[in-house]
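> Need a 3D model of the sequence below.
(one chain, ligands or ions: 1)
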Amino acid sequence: MRASSSARDDSIEAAGTIIGGYVSVTPLEDEEAALLADLVTARLATEVTVTAWRHRLYPDNAAYAASGEPGARAFLDAIEAMGIDAAARRFREACRQLPYRRSATSTLLERRRRALPRSPLFYSRPVHLVRGEGVWLFDPDDRRYLDCYNNVAVVGHSHPQVVQAVTQQQELLATHSRYLHEAIVELAERLQSTLPPELDAVMVVNSGSEANDLAWRIARAATGRAGAVVTAYAYHGLTEATHALSPEEWARGEQPAHVATIPAPDGYRGPYRREDDGWVQRYAAHIDDAARALGDRGFAAIYLDPAFTADGILSPPPTYLREAARRARTLGGLLVADEVQAGHGRSGTHLWSFQPSGITPDMVVMGKPMGNGFPIAALAVRSQLLQAVPEEVELFSTFGGNPVACAAALAVLAVIEEQGLVANAAEVGSYLRHGLLTLAERHPLIGDVRGEGLLLGVELVDAARGPDAAEARKVTEAMRERGILLSATGPAGNVLKIRPPLVFRRQHADLFLHALDEALASS
Ligand code: PMP
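Predicted coordinates for the structure are as follows:
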């Protein structure tokens, strides 16, 4: 590549455009793209050096010999000003021919608000992203953000093994599950091998909502009852049936008559505190009251997210689930473990977060991280419960369990195992938790630190130890400005929600802790 003969202040950008044009005809391998900045710099340095040498050799012809030199020198200066690493990233980006980066952020925001008025965006200055890699997300200017929030990219953004599995399968066959194909069978068997043997039937769908919705139909059919119990601020989905099971999203005063709530086992804010003997049993005892409140409808099922993510990220001891399961069984209700948030190894001990309790749920729902971004969700269920759904009712979803989605899900499970990501969640999670507890000693804003593995909650409180949602908003905004993405959750919205991809390492935890320390100090 040859720089223009006069200096220009957008030379790096112009180079990106030229590279983009070149690779649109002749694509470069990623390894070649990575060398581009070094090669361009070497070429420019050669030009400057050779010009100087010729200048001395042929003084009479100096003007001609030096004609390209100012441009080369200016371009070298531009690379130096930007830093060779940043220039290398920019050139590499240009080689990747990223789609969807035509609009400036402000224009895109306007278009989005017009075309999708009810589609929520995080932050007062929304983050515009064009690509992700591991724990990092990148904006159109290649500014990187540390992802401490997204559990969907469980094995890291754009994991090559998942990308390869998806593209390979997409090239071969992408059809529905009414034909025989190995991937869905392999996935079902693979999931069963991770679950208690009683959960011997699998159904594959496209979203957590759909899986929970299906679980609700099965629960009603199998029990002949019509009432549900959920925690007071739970989230289980977007569909009509699962919205009814999601108090977090109810409009003011909206509580469907067939749903009763129980307090989530919050040992910090009460009514029962961690310090009190038998506190989890007292929380679980509310299931009896809730089931009774359902009256004639009867108690068909209780849905529990074992990490109580929407309820503020709670991690009661395993006794809670054991006691909840015992009570539900005694009352004749089914227990649905919603692993959409806490599953796929995030809790750091098992693949499924209910497992430390030793219970066997009647159904287990998994989703979000299941395809590392490719839509897929599943329901594992005791097969005898399925018998209650009449044979003539077909349980089929066009996209559910298609070979591409199953290939993604199988690749995710393989990476989690091969890279020891469950153990990593435990190790880095405990390191991060310890760091947060250290911050809590210095920052009275932190009232409580809790969670398991790489699903941690930091409850922010005011001087009277009341929930401080305004601070949580301020801190998440301040962290965003520092290039770190997280969010807040809980009934009061005052619990910082830390839920990064499981490839999060100690050095990432250090970056997070350092930024949080600063953000809290300036609060
Ligand atoms: N259950 C839980 C616990 C969830 O967190 C979510 C999504 N946030 C869902 C169900 C619904 O999943 P989806 O958005 O894939 O429909």
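> okay, now the residue of the stretch 351-500 of the chain found nearest the ligand: neighbour count?
Closest residue of the stretch 351-500 of the chain to the ligand, Cβ to the nearest ligand atom: residue 367 (4.6 Å). In this view, the C-beta of every residue, glycine as well, is placed from N, C-alpha and C. Per other Cβ atoms under 10 Å, the neighbour tally for residue 367 reads 27.
> Show the contacting residues for it.
For residue 367, the contact set (Cβ atoms under 8 Å, 6 or more residues apart in numbering) comprises 207-208, 211, 340, 376-378.
> Show residues contacting the helix or strand harbouring residue 191.
Here residue 191, judged by DSSP states H and E, is contained in helix 182-192. The contact list for helix 182-192, computed with Cβ under 8 Å, 6+ apart, reads 169, 177, 199-200, 202, 204, 366, 378, 380, 401, 403, 406-407, 409-410, 413.
> Out of those residues, give me the one that has the most neighbours.
The residue in the contacts of helix 182-192 with the most neighbours, by other Cβ under 10 Å, is residue 409 (30 neighbours).
> doesn't residue 373 make contact with it?
No. Residue 409 lies out of contact with residue 373 (Cβ atoms under 8 Å); the separation is 11.3 Å.
> Where does the prediction get shaky in this structure?
The chain contains residues with pLDDT under 70 at 1-8.
> Of all residues in it, which one is closest to the ligand?
residue 208 (2.4 Å).
> Just list the residues touching residue 442, thanks.
Residues in contact with residue 442 (Cβ under 8 Å, 6+ apart) are residue 517.
> hmm, I was thinking of residue 112
With Cβ under 8 Å, 6+ apart, residue 112 has these contacts: 119, 121.
> Now it: which helix or strand?
Here residue 112, judged by DSSP H and E, is contained in helix 105-115.
> hey, which helix is longest across this structure?
helix 30-57 (DSSP state H).
> returning to what we had before: just checking, next helix/strand downstream of the helix holding residue 112?
strand 131-133.
> Name the residues of that following strand that are buried.
Neighbour-count burial for strand 131-133, with 16 or more other Cβ atoms under 10 Å as criterion, is recorded at 131-132.
> Repeat that for stretch 263-277.
263-269, 272.
> Would you point out the most distant pair within these?
Between any two of the buried residues of stretch 263-277, the greatest separation by Cβ to Cβ is 12.6 Å, found for 263 and 268.
> Assumed residue 378 was part of a helix.
No. Secondary structure of residue 378 (DSSP: H, G, I helix; E, B strand; the rest coil): strand, not part of a helix.
> which residues does it contact?
Going by Cβ under 8 Å, 6+ apart, residue 378 touches 187, 191, 202-205, 211, 365-367, 370, 409.
> so which pair among those is furthest apart in space?
187 and 365 (15.2 Å).
> Which one's more surrounded, those two?
Taking other Cβ under 10 Å, residue 187 and residue 365 do not tie; residue 365 has more neighbours (30 against 24).
> From residue 260, how far out is that one?
From residue 365 across to residue 260, the span is 20 Å (Cβ to Cβ, to the nearest Å).
> Could you do residue 308 as well?
Using Cβ to Cβ, residue 308 is found at 17 Å from residue 260.
> okay, those two: which has more neighbours?
Regarding residue 308 and residue 260, a neighbour count based on other Cβ under 10 Å identifies residue 308 as having more, with 27 against 23.
> Look at that one and give its secondary structure.
Classification of residue 308 by three-state DSSP places it in coil.
> so what's it up against?
Residues near residue 308 by Cβ under 8 Å, 6+ apart: 231, 234, 264-266, 314-316.
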